[in-house]
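**Q** quick check, what structure comes out for this input:
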Amino acid sequence: MANKRNISDKICLILKGLAMGTANKVPGVSGGIVAFVAGFYEEFIYSLQKINRKAFLLLFNRGLKSFLEYTNARFLGLLFLGMIISYFSISKVLDYLLANYELYVWSTFFGMIIGSLYYITKDFGEWKWKFILFLLIGVSIGISISFLEPAKENNNLFFVFFCGIIGISGMTLPGLSGSFILILLGNYVLLLVDSVNAFYDTFFDIFQGDFSFIDNQNRIHLLKVLAVFSLGSIVGLVSLSNVLAYLLKHYKKKTNAVIIGFIAGSLGVVWPWKTKVLETDTLGTIIYNNNGREIITSYQRYFPSEFNSEVMFAIIFIIIGILILLFLDGYHKIKLTSNG
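**A** Residues are numbered from 1 along each chain as shown. Down below sits the predicted model:
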């Protein structure tokens with residue numbers, strides 16, 4: 001019985017990582033929200049914080065076992081395994097859904113964020129004026145970010161490293177979407193679509209014994225971009241987790257109030273009804289990047305002018321998104337009761 005529970009716990013952690021990785025790829029949605037709602041956010045942050053000097057001293061002085069125990073490596077390893085799987089499987093499905101059913105994908109995530117606000121705030125406790133102030137600060141920053149104009153794509157490797165540090169913020173800070181930050185920096189398509197697809201294609205080329213990609217300069221450059229971005233992400237993940245661990249330890253309710261504000265402010269980013277504004281030249285011709293993709297310069301949000309079947313289905317998907325979070329709430333209550 002214990003072995004079955006152990007296996008189910010491992011599978012559950014991988015699925016949580018899968019959900020985090022998928023959410024973090026959607027502009028406006030934060031992988032950190034998944035961790036927050038699923039109840040493992042603090043363990044995630046405190047585990048990352050332990051990847052420090054003491055951990056490596058333990059590795060060299062007492063061996064690998066002490067290092068793994070100290071850093072909670074089993075927990076982090078299974079989570080990251082799920083995230084990696086999501087980037088090369090579910091995220092492909094997500095790309096397809098965003099390309100073909102964009103309105104309904106945004107509607108579902110919009111509903112999930114509304115549901116997550118209920119989920120997080122219900123156990124917050126008393127809202128004193130100072131917490132409301134921090135909440136408003138979070139909301140203001142979230143809304144401000146959502147209306148910034150995206151920069152142009154930049155594949156300089158130093159800038160890509162910086163994007164990795166900043167882009168990983170969605171994993172550690174609920175409500176601050178790493179993917180949307182990458183859009184603002186101009187590198188979302190380069191880092192989360194083109195470079196990932198280049199790795200995906202290279203993996204299958206190697207599996208089939210085809211090494212012709214070595215002569216493909218664009219492919220090699222994209223693989224370098226992905227490697228540098230991943231390195232930046234690791235640096236950002238460890239450094240940001242230390243800051244957040246400190247804040248959660250000493251200013252927990254204030255930090256949570258800001259996080260709730262971030263999440264509320266991010267609703268503007270995932271508002272379902274919006275159109276892309278694409279970069280064009282002086283003649284009005286759409287400009288494409290080196291990989292043949294349109295370059296998004298901004299989003300124009302609007303409210304539907306008439307109630308038709310498309311709007312009706314969008315509202316249904318918003319409700320579905322909310323119900324998913326309410327289901328998670330009920331699931332956790334049942335789980336806590338059974339464990340008690």
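**Q** what helix or strand does Tyr246 sit in?
**A** Assigned by DSSP states H and E, Tyr246 belongs to helix 217-250.
**Q** again with Lys276
**A** Using DSSP H and E, Lys276 sits in strand 274-278.
**Q** helices and strands around that strand, which ones?
**A** The elements that strand 274-278 packs onto, with contact taken as 3 or more C-beta pairs under 8 Å, 6 or more residues apart in numbering; DSSP states H and E, are strand 296-301. Placement of C-beta: from N, CA and C, glycine included.
**Q** if we can go back for a sec, got the angle for the next helix or strand after the helix holding Tyr246 vs helix 217-250?
**A** Heading C-terminal from helix 217-250, the first helix or strand you meet, by DSSP H and E, is helix 252-265. Angle, helix 252-265 to helix 217-250, by axes from the mean of the first three to the mean of the last three C-alpha atoms, to 10 degrees: 140 degrees.
**Q** list the beta-bridge partners for Val277.
**A** Val277 forms beta bridges with Ser298, as assigned by DSSP bridges.
**Q** how far off centre is the strand holding Lys276?
**A** Offset of strand 274-278 from its chain centre (C-alpha atoms, centre = their mean, to the nearest Å): 22 Å.
**Q** which parts of it are buried?
**A** Within strand 274-278, the residues that qualify as buried are Lys274, counting by 16 or more other C-beta atoms under 10 Å.
**Q** send me that strand as CSV with only the CA atoms.
**A** The C-alpha trace of strand 274-278 is given here as CSV (Å, rounded to 0.1, in the frame of the first residue of the first chain):
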residue,chain,number,x,y,z
LYS,A,274,-8.1,40.9,-28.3
THR,A,275,-6.4,41.2,-31.7
LYS,A,276,-2.7,41.0,-32.6
VAL,A,277,-1.1,44.1,-34.0
LEU,A,278,1.7,42.9,-36.4
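**Q** could you pull up the mean pLDDT of it?
**A** Strand 274-278 comes out with an average pLDDT of 74.
**Q** what of stretch 85-99?
**A** Here the average pLDDT along stretch 85-99 is 72.
**Q** how far away is Asp215 from Asp205?
**A** Distance of Asp215 to Asp205, given as C-beta to C-beta, to the nearest Å: 12 Å.
**Q** between those two, which is the more surrounded one?
**A** The neighbour count for Asp215 versus Asp205, taken as other C-beta atoms under 10 Å, is higher for Asp205 (16 against 8).
**Q** elements contacting whatever helix or strand that one lives in?
**A** Using DSSP H and E, Asp205 sits within helix 195-207. For helix 195-207, the elements it packs on are helix 217-250, judged by 3+ C-beta pairs under 8 Å, 6+ apart.
**Q** got phi/psi on the closest residue to Phe303 other than its chain neighbours?
**A** Distance criterion C-beta to C-beta, 6 or more residues apart in numbering; nearest residue to Phe303, sequence neighbours excluded, is Trp273 at 6.4 Å. Here is the backbone geometry of Trp273 (degrees, to the nearest 10): phi -90, psi 100.
**Q** ditto for Pro272
**A** phi -60, psi -40.
**Q** correct me if wrong: it contacts Gly111.
**A** No - assessed by C-beta atoms under 8 Å, Pro272 is found out of contact with Gly111, at 9.3 Å.
**Q** which residue of the two possesses the greater neighbour count?
**A** Using other C-beta under 10 Å as the criterion, Pro272 and Gly111 rank with Gly111 on top: 24 against 21.
**Q** quick one: that one from Leu79, how far?
**A** Separation of Gly111 from Leu79 (C-beta to C-beta): 25 Å.
**Q** Asp210 too?
**A** When Asp210 is compared with Leu79 (using C-beta to C-beta), they lie 33 Å apart.
**Q** out of the two, which sits in the busier spot?
**A** Regarding Asp210 and Leu79, a neighbour count based on other C-beta under 10 Å identifies Leu79 as having more, with 24 against 11.
**Q** perfect, that will be all.
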